[in-house]
Structure formats: C-alpha cells, structure tokens
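**Q** Provided below are the primary sequence and the corresponding predicted coordinates.
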Amino acid sequence: GAVVSQHPSWVICKSGTSVKIECRSLDFQATTMFWYRQFPKQSLMLMATSNEGSKATYEQGVEKDKFLINHASLTLSTLTVTSAHPEDSSFYICSAPTGFNQPQHFGDGTRLSIL
Amino acid sequence: GENVEQHPSTLSVQEGDSAVIKCTYSDSASNYFPWYKQELGKRPQLIIDIRSNVGEKKDQRIAVTLNKTAKHFSLHITETQPEDSAVYFCAASTGGGNKLTFGTGTQLKVEL
C-alpha cells in the first residue's frame, strides 16, 4: 500500500536552531504534499501546500520565511523550521495523495521540542 | 474558507454498542469527506471516505452518511471494540488530492 515516510520522528534542540524535516513518498510520485501542525489534544492545522518544482502555498497566518518548504523531486518535500523557539514545539506531519483525486496518506509525524 | 465542526468532542460507549460522530461543513464546493483515526502519538489513518455523488458508504462495521443539502456527514461504528478507542477526525476538501480541513476531533473510548 501507499507509504509516506517522515524523518526524523523526534527532535529536541536548543532555541535558535533550524530544523529540517523530510517527507518522502516511497511507492508513488507526489506532485503535491501537505504540511500540518498538531498541538497536543488539538486537530491538524494545515500550514502549507508543497508543490513539486514551484513555490509552496502557505495558509493565512503561517510565516513563509520561518517555515521554509522545498519540493525538489516527485518523492521528497522538506520543511525547515528556521530559528526555532519554544512556541514552535509541536507535532509536524506531512501527507500526500497517491494520485489525482485520491485519498491522502500521512507520514508518521515529527515531534519537535525546542528547549 | 472551509469550516468543519465536529461533535461530540468525547464519546464513551460500552463494548458492542454503536458510536456516531457528526460533522458539518460550510463550503458548498467541498465534495470529498474522509474520516481518519488517530491513536496517541501516531499518524492519522484513513478509515473510510465518501464523495458527494453518494449518500452512504459502508465498510464492515464502519459506515459514513452524507447529506449535501444540510452540509452534514456522519461516521457510524457498530459493534464497537476496545481497539476502536482513539481520536477520530472528519475532514472536508474540494477533491481527494486537495487540501483537507479537519474537524476538531472526537475522543472515542470503548469500555469493557
């Protein structure tokens, strides 16, 4: 079945550090991937839509200069949290549809803790 | 933009009973409605989805109904089991491959 791999699964780092999270589609090509953020006991909130070969589309209120997204290939999108601060601590999770008008499958998520 | 409301926020049932979770959406352009199950600390997993051209879909103990006129859709789980305990999210989108707007989630607890 469709598999979306996300790495790393857990990151603990100091305030001011930049952190890169990778999202890979393992057995299908994904021209579009999505990045969500989930705070404890809350729902998933879409941060941005990652488009292969073009700029990402950010949701209102999400700082594009802080959350850098790169989608350089059909199987890889990266999210870089720049100069992370404690309020950026959250569960970051990516998803990708397996094809046109197909369901989205999620990666395992990355738990980011900023000290 | 789309707004999805979900109720109840918590639901406790006895093993073997049925559970129903309800969602409403605001954007009449939405035509794809998936349901995800998320266990603590894990990824959301798609359990069933429905498109706007059908009113009901069933997969074993799970069913989803859709009322386009009322902009309302529901998840029905019959013969609940302890392993059904998790957080369930509804979502809406203008297509399967498009961005999802999630409901606020329902914590389902199935008690022995």
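**A** That came through, no problem.
**Q** surely residue A:112 and residue A:9 touch.
**A** No - between residue A:112 and residue A:9 there is no contact under CB atoms under 8 Å: 10.4 Å. Bear in mind the C-beta positions are built from the backbone N, C-alpha and C, glycine included.
**Q** settle it for me: which of the two has more neighbours?
**A** residue A:112 (20 against 12; other CB atoms under 10 Å in any protein chain shown).
**Q** please enumerate the strands of chain A.
**A** Using DSSP state E, the strands of chain A run over A:4-7, A:10-13, A:19-25, A:32-38, A:44-51, A:57-58, A:67-73, A:76-81, A:90-97, A:104-106, A:110-114.
**Q** nearest to residue B:28, out of those?
**A** Shortest distance between residue B:28 and those, using CB to CB, is found for strand A:44-51: 19.9 Å.
**Q** partner strands of that closest one, parallel or antiparallel?
**A** Strand A:44-51 has its sheet partners listed here by DSSP bridges as strand A:32-38 (antiparallel), strand A:57-58 (antiparallel).
**Q** winner for burial among those?
**A** Comparing the strands paired with strand A:44-51 by mean neighbour count (mean count of other CB atoms under 10 Å in any protein chain shown), strand A:32-38 ranks first with a mean of 23.
**Q** run through who's touching it.
**A** Contact with strand A:32-38 is made by A:23, A:25, A:44-52, A:67, A:69, A:71, A:77, A:79, A:90-97, A:104, A:109, B:97, B:99-100, as judged by CB atoms under 8 Å, 6 or more residues apart in numbering or on different chains.
**Q** contact residues of chain B facing chain A?
**A** Residues of chain B lying close to chain A by CB under 8 Å from any CB of the partner chain are B:32, B:34, B:36, B:41-46, B:49, B:89, B:95-97, B:99-105.
**Q** just the buried residues from those, in PyMOL please.
**A** Selection of the buried residues among the residues of chain B next to chain A in PyMOL, burial being defined by 16 or more other CB atoms under 10 Å in any protein chain shown:
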select buried, chain B and resi 32+34+36+43+44+46+49+89+96+97+99+100+101+102+103+105
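**Q** no more questions from me, cheers.
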